[in-house]
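In: Sequence and predicted structure, then a few things I'm wondering about:
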Amino acid sequence: MADPTPFTLSCSCGAIRCAVAHPLETVVNCHCTDCRKMSGCAFSSMVISPEAATTITQGRELLGAYALTDATKKYFCTRCGTPMFNINARYAGLRMLYLGAIDQHERLTPAFNAFCRSKLAWVDHLPELTSYAATPA
């Protein structure tokens with residue numbers, strides 16, 4: 001049974017907070033070039049939610065927006081830079097919430113990878129890398 005606790009989003013500095021009044025279920029790892037540019041990472045992990053279900057409860061005045069393309073706009077904290085969510089005109093009425101901004105991210109697991117045609121080749125080899133519990137000494 002799914003955890004009924006509502007989901008919330010917040011930025012790194014805590015200035016922006018959002019409430020999500022909709023179940024979050026499907027996490028997507030997107031490997032497209034635009035997502036790499038918007039996240040600064042090898043891929044973005046996002047959860048799709050109805051736009052109307054996400055309410056900014058604190059810090060609306062600190063929410064910045066950047067139009068990456070004519071269709072895609074990224075929203076972020078202007079104080080700390082944390083990416084919060086994206087909207088894309090091709091998916092009207094939806095928000096793509098960044099997994100890292102979701103406070104309860106440990107309850108969510110990626111369901112699939114998208115845009116693998118532009119995936120960085122080394123991503124498939126991540127399990128082979130030496131891993132440390134913290135920064136190596």
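Out: Here it is on my side, so go on.

In: From here on, just use CA atoms for contacts and neighbour counts.
Out: Fine.

In: From residue 32, how far off is residue 117?
Out: 8 Å (Cα to Cα, to the nearest Å).

In: how far does stretch 54-65 sit from the chain's center?
Out: 15 Å (Cα atoms, centre = their mean, to the nearest Å).

In: and for the lowest-mean-pLDDT helix or strand in the chain, what are the contacting residues?
Out: Lowest mean confidence among the helices and strands of the chain (mean pLDDT, DSSP states H and E): helix 33-39, at a mean of 87. Outside helix 33-39, the residues that touch it by Cα atoms under 8 Å, 6 or more residues apart in numbering are 42, 43, 44, 68, 74, 83, 118.

In: before we move on, back to that, looking at residue 117 and residue 32, which is more packed in?
Out: Legend: neighbour count by other Cα atoms under 10 Å for residue 117 and residue 32, higher for residue 32 (18 against 9).

In: Run through the residues that contact that one.
Out: By Cα under 8 Å, 6+ apart, the contact set of residue 32 is 43, 114, 115, 116, 118, 119.
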